[in-house]
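>>> could you work out the structure for the sequence below:
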Amino acid sequence: MKSTFGRVGRDPGPFPGSLVPVRGPMARTVRDAARYIDVVAGPTTCDPTSLPALAENYEHEVVSGAAADRLSGARVAFVSSFGFAASEPGPAAQAEEMAAVLIDALKLERVDLEINFPRVGSSWGILSTLDDMAWHSQDVKDHLDELSTVARMQYESFINLRPEIIAKSIRQRQGVLDAVSEVFSKVDILITPTTPKPALLAEGELMGELNGNQTTLFDLSAPFTALFNQTGQPAASIPAGLVDGLPVGVQVVARRHEDLACFAAGAVLEELRPWPQLAPFAYS
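I've put the predicted structure just below:
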């Protein structure tokens with residue numbers, strides 16, 4: 001569960017100048033995730049972006065059904081393409097099926113949208129790199145051979161960054177904010193596949209095939225999710241079953257400060273399409 005940016009204040013630890021990282025739980029159940037946010041949410045003196053304490057108790061809202069009642073009748077769109085990236089058919093079909101279950105259960109109003117968001121990967125990567133390297137570049141510069149490939153590439157990108165590239169990344173982010181704002185003037189909830197293809201190799205891969213084309217790790221894994229780190233919106237990845245024996249998810253995104261909509265969607269789907277609480281063969 002990715003909470004609204006600032007919902008969980010940062011203290012201690014470096015303040016994220018990129019305004020990209022978000023704190024939130026990985027949980028087996030929606031109730032557990034809601035309780036986590038209830039416990040850790042609130043302002044801190046070290047984080048000027050941290051939000052006031054919650055006015056409601058998320059766990060109570062989820063368990064009582066009040067969160068789902070509040071979401072009933074909302075406008076929702078399902079998309080499996082952001083224009084610059086599109087899901088493979090398998091994950092898209094699984095996610096759309098879950099969206100249909102949610103729409104039917106809560107009598108949501110489905111809105112048909114064709115979305116063409118700006119490509120987010122470069123600005124997301126550069127702004128995140130500035131954050132990471134501000135704190136770690138001096139520590140790693142003499143230990144590059146000990147780093148993973150991705151971490152080493154991040155350092156090399158940092159030492160070669162030019163001011164105009166940083167400026168372009170800031171402008172690109174504004175383009176993302178404007179485009180997403182336009183979409184959420186038409187819908188209350190956006191539903192997508194969490195990833196455009198099933199789970200990647202545990203060992204990791206920098207390049208791979210997506211819809212018949214070779215593409216980057218970002219396009220394989222994060223085109224639907226990283227964008228909402230840049231907008232600061234709450235988003236939940238909910239288990240949506242298996243494709244070719246590998247897990248896929250459905251992502252539910254709401255407006256900033258409307259985290260309960262994500263919890264409500266998760267709670268309804270957990271009841272109607274329950275998922276395994278343990279990984280298959282985890283204890284065999």
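>>> what is the mean pLDDT for the host helix or strand of residue 67?
Using DSSP states H and E, residue 67 maps to helix 66-71. What helix 66-71 shows for mean pLDDT is 96.
>>> check stretch 192-200 too.
95.
>>> show me where the stretch 151-284 of the chain has strands.
Taking DSSP state E, counting those that start in this stretch, the strands of the stretch 151-284 of the chain run over residues 189-193, 207-210, 213-216, 235-243, 246-254.
>>> save the ones you listed as JSON lines, and put in mean neighbour count and distance to residue 138 too.
No exception for glycine: its C-beta is placed from N, CA and C like everyone else's. Output for the strands of the stretch 151-284 of the chain, formatted as JSON lines (neighbours: other C-beta atoms under 10 Å; distance: least, C-beta to C-beta, whole Å):
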{"stretch": "strand 189-193", "mean neighbour count": "28", "distance to residue 138": "39"}
{"stretch": "strand 207-210", "mean neighbour count": "14", "distance to residue 138": "30"}
{"stretch": "strand 213-216", "mean neighbour count": "12", "distance to residue 138": "28"}
{"stretch": "strand 235-243", "mean neighbour count": "21", "distance to residue 138": "34"}
{"stretch": "strand 246-254", "mean neighbour count": "24", "distance to residue 138": "37"}
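>>> indicate which one of the ones you listed is closest to residue 161.
Nearest to residue 161, of all those, is strand 213-216, at 18.5 Å by C-beta to C-beta.
>>> okay, which residue is most central for the protein?
Of all residues in the chain, the one closest to the mean position by C-alpha atoms, centre = their mean is residue 225, 3.7 Å from it.
>>> for that one, what are its contacts?
2, 194, 195, 235, 237, 251 (C-beta atoms under 8 Å, 6 or more residues apart in numbering).
>>> am I right that the second one is in contact with residue 224?
Yes - contact criterion C-beta atoms under 8 Å: residue 194 and residue 224 qualify, at 6.5 Å.
>>> tell me what residue 238 is bridged to.
With DSSP bridges as the criterion, residue 238 is bridged to residue 250.
>>> which residues does stretch 45-57 contact?
Around stretch 45-57, the neighbours that count as contacts under C-beta under 8 Å, 6+ apart are 4-13, 15, 19, 37-38, 41-44, 257, 260.
>>> how about stretch 78-90?
If you take C-beta under 8 Å, 6+ apart as the criterion, stretch 78-90 is touched by 91-92, 95-96, 99, 110, 113-120, 190-193, 195-198, 210-211, 219, 223-224, 227, 243-244, 248.
>>> separate out the buried members of the residues you listed.
In terms of neighbour count (16 or more other C-beta atoms under 10 Å), the buried residues within the contacts of stretch 78-90 are 91-92, 95-96, 99, 115, 117-120, 190-193, 195-198, 210, 219, 223-224, 227, 243, 248.
>>> how far away is the nearest residue to residue 58 once chain neighbours are set aside from residue 61?
Leaving out its chain neighbours, the residue that sits closest to residue 58 by C-beta to C-beta, 6 or more residues apart in numbering is residue 34, at 3.9 Å. Distance, residue 34 to residue 61, by C-beta to C-beta, to the nearest Å: 7 Å.
>>> those two: who's more crowded?
Per other C-beta atoms under 10 Å, whichever of residue 34 and residue 61 has more neighbours is residue 34, with 28 against 21.
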